[in-house]
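Engineer: below: sequence and its predicted model.
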Amino acid sequence: DGGITQSPKYLFRKEGQNVTLSCEQNLNHDAMYWYRQDPGQGLRLIYYSQIVNDFQKGDIAEGYSVSREKKESFPLTVTSAQKNPTAFYLCASSIRPADTNTEAFFGQGTRLTVV
Amino acid sequence: KNQVEQSPQSLIILEGKNCTLQCNYTVSPFSNLRWYKQDTGRGPVSLTIMTFSENTKSNGRYTATLDADTKQSSLHITASQLSDSASYICVVSLAGGGFKTIFGAGTRLFVKA
């Protein structure tokens, strides 16, 4: 099946630990994105990548890091520098950057909780 | 300031009834407007996308309208079903490159039997 897969679905982290969220797509899309969703707020962009080996900071990149070594994969690392990491994280992809009139496809999300 | 405001925040309707969700935006320059449906604990799924020149677009029982002059959009759901219970998110993208997309906070719809 074609699609975008996030793992794990639930993740628990102790304070001071780094964790990595996985995002894989087999849609042959060039662009990939990471968003954070908090209750009562719109999605906020963390990082995006328009092509392999290139990525750009979004609106809330502090405390996060990404890599894009392969077209299919765009993992997000939540570092200990992120002071409030508990949130629902969504990965998305589109065949071209989403500021053109193309559809973005979302994964099912990873809920990260700091314990 | 580029903003997307949705109303109401939440809505409860009976199965079979129609409803309309609102989206007002102050985004410029405008590229396109999308509506997404997000089930609880899942990722958003695209319903419609409209550019500046389009003022209505349908997807089954979902019909989106766009008034680019007043910067308003609506999503009308006809003959609601229990499976329509979800959050509906309005998203506006800016033109001119640099990738800027503004998400509304969503309207939470509850359809009751």
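Structural biologist: Here it is on my side, so go on.
Engineer: show me what from chain B comes close to chain A.
Structural biologist: The interface of chain B toward chain A, taken as Cβ under 8 Å from any Cβ of the partner chain, is made up of B:4, B:31-32, B:34, B:36, B:41-46, B:49, B:51, B:89, B:93-95, B:97-106. The way it works is simple: take the backbone N, C-alpha and C, and place the C-beta from them, glycine included.
Engineer: buried ones among the residues you listed?
Structural biologist: Buried subset of the residues of chain B next to chain A (neighbour count, 16 or more other Cβ atoms under 10 Å in any protein chain shown): B:4, B:31-32, B:34, B:36, B:42-44, B:49, B:89, B:93-95, B:99-106.
Engineer: quick one: B:Ala68 from chain A, how far?
Structural biologist: Taken as Cβ to the nearest Cβ, to the nearest Å, the spacing of B:Ala68 relative to chain A amounts to 14 Å.
Engineer: for the closest residue to that residue other than its chain neighbours, give me its contacts.
Structural biologist: With Cβ to Cβ, 6 or more residues apart in numbering or on different chains as the measure, B:Phe52 is the residue that lies nearest to B:Ala68, at 5.3 Å, once sequence neighbours are left out. B:Phe52 sits next to B:30-32, B:68 when contact means Cβ atoms under 8 Å, 6 or more residues apart in numbering or on different chains.
Engineer: show me what the helix or strand encompassing B:Ser74 pairs with in its sheet, parallel or antiparallel.
Structural biologist: Element membership of B:Ser74, judged by DSSP states H and E, is strand B:72-77. Strand pairing for strand B:72-77, using DSSP bridges, gives strand B:19-25 (antiparallel), strand B:62-67 (antiparallel).
Engineer: pretty sure A:Thr86 sits against A:Thr110.
Structural biologist: No: under the criterion of Cβ atoms under 8 Å, A:Thr86 makes no contact with A:Thr110, lying 11.7 Å away.
Engineer: of the two, give the one with the bigger neighbour count.
Structural biologist: Regarding A:Thr86 and A:Thr110, a neighbour count based on other Cβ atoms under 10 Å in any protein chain shown identifies A:Thr110 as having more, with 22 against 14.
Engineer: so which helix or strand takes in the residue nearest in space to the middle of chain A?
Structural biologist: Within chain A, the residue whose C-alpha comes closest to the C-alpha centroid is A:Trp34; the distance, by Cα atoms, centre = their mean, is 2.7 Å. When elements are defined using DSSP H and E, A:Trp34 is found to belong to strand A:31-37.
Engineer: helices and strands around that strand, which ones?
Structural biologist: Counting contacts by 3 or more Cβ pairs under 8 Å, 6 or more residues apart in numbering or on different chains; DSSP states H and E, strand A:31-37 is packed against strand A:19-25, strand A:44-51, strand A:87-94.
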